[in-house]
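Asks: test case, fold it:
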Amino acid sequence: MNTVTLLEMTTHRLTEIHREIEVLNYALTAATILAIAEDAAAVAAIDLDDQATLDAQRITGDTKVALEFAAQETRFVANAIAGRLAVFREREAEWSRLMSTELRVSVRLGRRQVAV
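Replies: Numbers count the residues shown, from 1 in each chain. Coordinates of the predicted model:
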């Protein structure tokens, strides 16, 4: 397996991973929005004399914070992969240019050797 093929395979796999993490991030963002709405409803329903409403608000608040954190972390991972993917694509383009240049040079040298 040559370097260009390995780079192409790596770039393809990173692209797929990036897409999957983007989908996960969208799902977590949507869940966060729902958690914010649930937390707001729980806050509105708080009765200081009712421990159950206080507990429900605490749980919805914790859920909201956890989902916000998870969405933030998946965004961080997606951005990191996007950065690495850009480097791999750049390297892939460089190797492709280099290999096509080497191929043209070897074809020219081969022709000269035959012609001589």
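
Asks: hang on, residue 31 packs against residue 67?
Replies: Yes: judged on C-beta atoms under 8 Å, residue 31 makes contact with residue 67 at a distance of 5.2 Å. C-beta here means a position set from N, CA and C on the backbone, and glycine is covered the same way.

Asks: need the nearest residue in space to the residue most central in space within the chain, chain neighbours excluded.
Replies: What sits nearest the mean C-alpha location of the chain, by C-alpha atoms, centre = their mean, is residue 78, with 2.6 Å. Closest residue to residue 78 apart from its sequence neighbours, by C-beta to C-beta, 6 or more residues apart in numbering: residue 21 at 4.6 Å.

Asks: distance of residue 9 from residue 82?
Replies: Noted for residue 9: a distance of 18 Å to residue 82, by C-beta to C-beta, to the nearest Å.

Asks: again, but for residue 72
Replies: 16 Å.

Asks: kind regards, and thank you for your time.
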